[in-house]
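Participant: Got a predicted structure here, sequence first:
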Amino acid sequence: MDKIFGVMVLIGVPLSVAGSLMHWPTLMMFGIYCLTIIALSSYMGRATESLAIIAGPRIGGLLNATFGNAVELIISIFALQAGLIGVVLASLTGSVLGNLLLVSGISFFLGGLKYKRQKFNEYDARHNSGLLMFAVIVAFVIPEIFSWGMNKSETLSLSVGISIIMIILYLAALFFKLVTHRGVYANKPVEEEQHEEPEWSKGKAVIVLLLATLAVAYVSENLVHTFEAVGKSFGWTELFIGIIIVAIVGNAAEHASAVLMAMKNKMDVAVEIAVGSTLQIAMFVAPVLVLLSLAFDQSMPLVFTIPELVAMVTAVFLAVIISNDGETNWFEGLTLLAAYFIMGIGFYLL
């Protein structure tokens, strides 16, 4: 599979450059851009897996989520610049649903087929549950409810205030987890894990991450310009493109890495990638996009549609209930996947 992705990068990046310069058919370029981003994401996943082995599961999972979300952030910035506010909000919704339901679901399902019971740190799970409830239910629902009695300027001011608070709390959560309480709530290992050598050295992994991120930035800018034509061709709405297409392509790195970790029974890393990425999207990426939008022609308030909010709140409750006991199995993974596909059908038909 690594060789296939390598070939896809070697072919996809030059084709992306040539196609954008020579104005090849939009639908063809949409497919090339998506496949190229997914292939580049695989290299980001391999690099962060190496760093996870070197730095440990928490930092490794955080790095994976950060660089995986860098793709999403880059695509969203170009979409904001193009005035596609609906696509950006939908892609944020899709990231929350994709990480909590699709990524966790596939990871739990495939890992559970190989191991009957997979355990992870229940203290981290409970800590993350509280943050998930805050990020989605408090910080996302409040702007929607309060905006009913506000004008656009007041709604934007509320969104900016909430965004600043969320960024501060997210940074405080990282400080809590990685500095003041690092190792305080660690589970005692049942058995000694086998020592695993990283695929790449620390320096090589960092270089690969940076180069892949730069390439993704270029391809993403061109991908955004194909959304309108692709939507008209397939009858897709901005909502569906953002929630399903952009979210899956933008989070391909985390998808691959979390599943790989689960199949190796490294559930602490897998859960940290899926849940940590969700928290980073909700508490950092979304607020940053709100603040960045102030520099563009159209500012983006942190106001989602009712279907988006209901879907995210439902996903959070389901993920919290399933993960709070610190262990999982294939059936719980299948339950998460079923919820994702039900929501996907709903958004497609909406």
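Facilitator: Here it is on my side, so go on. Residues are numbered from 1 along each chain as shown.

Participant: next SSE after the helix ranked longest in the chain?
Facilitator: Counting by DSSP state H, the longest helix found in the chain is helix 26-55. Using DSSP states H and E, the helix or strand that follows helix 26-55 in sequence is helix 57-81.

Participant: what's the angle between that next one and helix 26-55?
Facilitator: Angle of helix 57-81 versus helix 26-55, following axes from the mean of the first three to the mean of the last three C-alpha atoms, to 10 degrees, is 150 degrees.

Participant: who's in contact with F347?
Facilitator: By C-beta atoms under 8 Å, 6 or more residues apart in numbering, F347 lies in contact with 239-240, 243-244, 307, 311. C-beta: built from backbone N, CA, C; applies to glycine.

Participant: What separation is there between F176 and T213?
Facilitator: Applying C-beta to C-beta, to the nearest Å, the value for F176 to T213 is 27 Å.

Participant: do the same with A274
Facilitator: 21 Å.

Participant: The two - which one has more neighbours?
Facilitator: Per other C-beta atoms under 10 Å, whichever of A274 and T213 has more neighbours is A274, with 35 against 17.

Participant: The more buried one touches L102, doesn't it?
Facilitator: No. The pair A274 and L102 does not pass the contact test of C-beta atoms under 8 Å, sitting 9.0 Å apart.

Participant: Count the neighbours of L132 for me.
Facilitator: Residues near L132, counting by other C-beta under 10 Å, number 24.

Participant: list the helices and strands the strand or helix carrying it packs on?
Facilitator: Element membership for L132, per DSSP H and E: helix 122-132. Judged by 3 or more C-beta pairs under 8 Å, 6 or more residues apart in numbering; DSSP states H and E, the packing partners of helix 122-132 are helix 267-280, helix 306-323.

Participant: most tightly surrounded among those helices?
Facilitator: Using mean count of other C-beta atoms under 10 Å, the stretch among the helices and strands packed on helix 122-132 with the largest mean neighbour count is helix 267-280, at a mean of 28.

Participant: so what secondary structure elements neighbour that helix?
Facilitator: helix 57-81, helix 85-97, helix 104-114, helix 122-132, helix 152-175, helix 252-263, helix 306-323.

Participant: hmm, 7 Å instead?
Facilitator: Packing partners of helix 267-280 (3 or more C-beta pairs under 7 Å, 6 or more residues apart in numbering; DSSP states H and E): helix 57-81, helix 104-114, helix 122-132, helix 252-263.

Participant: so which of those helices gets nearest I4?
Facilitator: Among those, helix 252-263 comes nearest to I4, with 12.4 Å by C-beta to C-beta.

Participant: and the angle for that closest one with helix 26-55?
Facilitator: Interaxial angle of helix 252-263 relative to helix 26-55 (the same axes, to 10 degrees): 50 degrees.

Participant: contact partners of helix 252-263?
Facilitator: The contact list for helix 252-263 (C-beta atoms under 7 Å, 6 or more residues apart in numbering) reads 37-38, 41-42, 44-45, 48-49, 64-65, 67-68, 71, 99, 103, 106-108, 110-111, 114, 269-270, 273-274, 277.

Participant: Kindly recompute the last result at 6 Å.
Facilitator: The contact list for helix 252-263 (C-beta atoms under 6 Å, 6 or more residues apart in numbering) reads 38, 41-42, 44-45, 64, 68, 103, 106-107, 110-111, 269-270, 273-274, 277.

Participant: Buried among these? Need that as a selection in PyMOL.
Facilitator: To isolate the buried members of the contacts of helix 252-263 in PyMOL, using 16 or more other C-beta atoms under 10 Å:
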select buried, resi 38+41+42+44+45+64+68+103+106+107+111+269+270+273+274+277
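
Participant: For the residue lying closest to F120 once chain neighbours are set aside, give its distance to S107.
Facilitator: Once flanking residues are discounted, F120 sits nearest to M267: 3.9 Å by C-beta to C-beta, 6 or more residues apart in numbering. Distance, M267 to S107, by C-beta to C-beta: 8 Å.

Participant: How about A79?
Facilitator: Distance from A79 to S107, counting by C-beta to C-beta: 28 Å.

Participant: before we move on, back to that, for the helices and strands packed on helix 267-280, which one sits closest to L337?
Facilitator: Set against L337 and scored by C-beta to C-beta, those come closest in helix 104-114, at 3.7 Å.

Participant: could you give the angle of that closest one to helix 252-263?
Facilitator: Using the same axes, to 10 degrees, helix 104-114 lies at 30 degrees relative to helix 252-263.

Participant: Renumber starting at 34 from here on
Facilitator: From this message on, residue numbering opens at 34, which makes the last subject helix 137-147.

Participant: Show me the shaky parts of the stretch 284-383 of the chain.
Facilitator: Across the stretch 284-383 of the chain, the ranges flagged by pLDDT under 70 are 284-287.

Participant: my bad, should have said the stretch 134-283 of the chain
Facilitator: 216-228, 283.

Participant: on that earlier part again, what's the closest of the helices and strands packed on helix 155-165 to G379?
Facilitator: Evaluated with C-beta to C-beta, these place helix 339-356 nearest to G379, the distance being 7.1 Å.
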